[in-house]
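Enquirer: prediction below, plus the sequence it came from.
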Amino acid sequence: MTLALQIRHRFDGFELEVEVTSPPGVTVLFGPSGSGKTTLVNAVAGLLRPDAGRVAVGDWVLLDTAARRFLPPHRRRIGYIFQEGRLFPHLTVRQNLAYGRWFAPRNARPESQERVVDMLGIGHLLSRRPGALSGGEKQRVAIGRALLSAPRLILADEPLAALDEARKAEILPYFERLRDEVTVPILYVSHSSAEVARLATTVVALKGGKVAAIGPPGQVLGDVGAVGARSLASVLTARVMAHHTDGLSELDSAAGMLLLPRIAAATGATVRVRIAAHDVILSRTMPKGLSALNVLTGTIADIRPGQGPGALVVLTVGSERLTARVTRRAVAALDLAPGQVCHAVLKSVAVAPEDVGGAKAGCGAPLPDPLPL
């Protein structure tokens, strides 16, 4: 089901004006604090009555100010996943799940509890109370409770923000399964480009209450004006070819072969790989004698000098686009120009485990317009 958001609301000194229609899957609201993510989510949840707007999930209209339609929060059929699990501490996991199912309308067809328990890997936790669960386990139970309420939309408001890196790595695969196996659309709030690259079907980058960019993750994360230089990245789709005994995994992408620290995916699986632009080194000649194991050869498609010392060099590598963030001095020293053959060097360990995840939806990256760095 498509998700259609048209929201306009004004606070003192801030105005939110968003119009977005996204396809089925995970729509990620991405942007810095103060960009309007929470205000937009509150409007979708019914916790805020906007000045004007319309919210619809398929043909299910939650809000239409022109038609004077405003469903109260308890009638919106939304499963809400917060930063903390917010489970009832006096109930077992089984009872917390049953509480979610209790909210499912009688005429709805909620997910099978057995299927949800299996999908989230929480069968061994059913008799425990929340106090005996890790942060990641609590979030998995919270996801299950939301699913069993038979929602028409799931809101996930930075659900990994309160977790450490180990717990994030534990929970991300379950959100990927949620994206790929559940038909309910998901509106996911995040300020982590790694989460965006792994989970998003569609990314909505917000800036100052406005939509700075919208599209697949590879496109939006490659737009420096939308995400900023620090979050700039390329997103490659690759196939796991082998896991080697020295702890490295070999991946085949349209840009070439990659060797990365062992990833949690079976041979033959398709994954997304996020490559931060500042981790890419460029060379005019084929480098030798380096510790870096990944060298991707391509053609310079574009060079975009910034207003500061930085520059973006966009390479066409196979059928993929790869962006490197370097200095303008490096561009001059190497005498780089569009059309030249260039080699992109990437250290294997520069790609963290959270930068690699399961892929189903497309994440291609057409060339964005030149923007200042």
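Expert: Structure's in. What do you need?
Enquirer: output the longest helix anywhere in the chain as CSV, nothing but the C-alphas.
Expert: In terms of residue count, the longest helix belonging to the chain (DSSP state H) is helix 165-181. Presented in CSV, the C-alpha positions along helix 165-181 are these (Å, rounded to 0.1, in the frame of the first residue of the first chain):
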residue,chain,number,x,y,z
GLU,A,165,26.1,-1.1,18.7
ALA,A,166,25.9,-4.8,19.6
ARG,A,167,22.2,-4.6,20.2
LYS,A,168,21.7,-2.6,17.0
ALA,A,169,23.4,-5.3,15.1
GLU,A,170,21.1,-7.8,16.7
ILE,A,171,17.9,-6.0,15.9
LEU,A,172,18.5,-4.6,12.4
PRO,A,173,18.0,-8.0,10.7
TYR,A,174,14.6,-8.3,12.2
PHE,A,175,13.6,-4.9,10.8
GLU,A,176,14.8,-6.2,7.4
ARG,A,177,12.6,-9.2,7.7
LEU,A,178,9.7,-6.9,8.7
ARG,A,179,10.3,-4.9,5.5
ASP,A,180,10.5,-8.0,3.3
GLU,A,181,7.8,-10.3,4.8
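Enquirer: and that helix, what's buried?
Expert: Buried residues in helix 165-181, counted by 16 or more other C-beta atoms under 10 Å: Arg167, Lys168, Ala169, Glu170, Ile171, Leu172, Tyr174, Phe175, Glu176, Leu178, Arg179. C-beta coordinates here come from the backbone N, C-alpha and C atoms, glycine included.
Enquirer: same for it, what does it pack against?
Expert: Judged by 3 or more C-beta pairs under 8 Å, 6 or more residues apart in numbering; DSSP states H and E, helix 165-181 is in contact with helix 113-120, helix 135-148, strand 186-190, helix 193-199, strand 356-358.
Enquirer: can you rerun that using 6 Å?
Expert: helix 135-148 (3 or more C-beta pairs under 6 Å, 6 or more residues apart in numbering; DSSP states H and E).
Enquirer: distance from the chain centre to the helix it packs on, please.
Expert: 19 Å (C-alpha atoms, centre = their mean, to the nearest Å).
Enquirer: what's in contact with the helix or strand just after it?
Expert: Per DSSP states H and E, the first helix or strand lying C-terminal to helix 135-148 is strand 153-157. Residues outside strand 153-157 that contact it (C-beta atoms under 6 Å, 6 or more residues apart in numbering): 41, 45, 57, 78-82, 146, 184-189.
Enquirer: quick revisit: quick check, nearest of the buried residues of helix 165-181 to Leu126?
Expert: Tyr174 (16.4 Å; C-beta to C-beta).
Enquirer: need the pLDDT of the closest one.
Expert: On pLDDT, Tyr174 comes in at 86.
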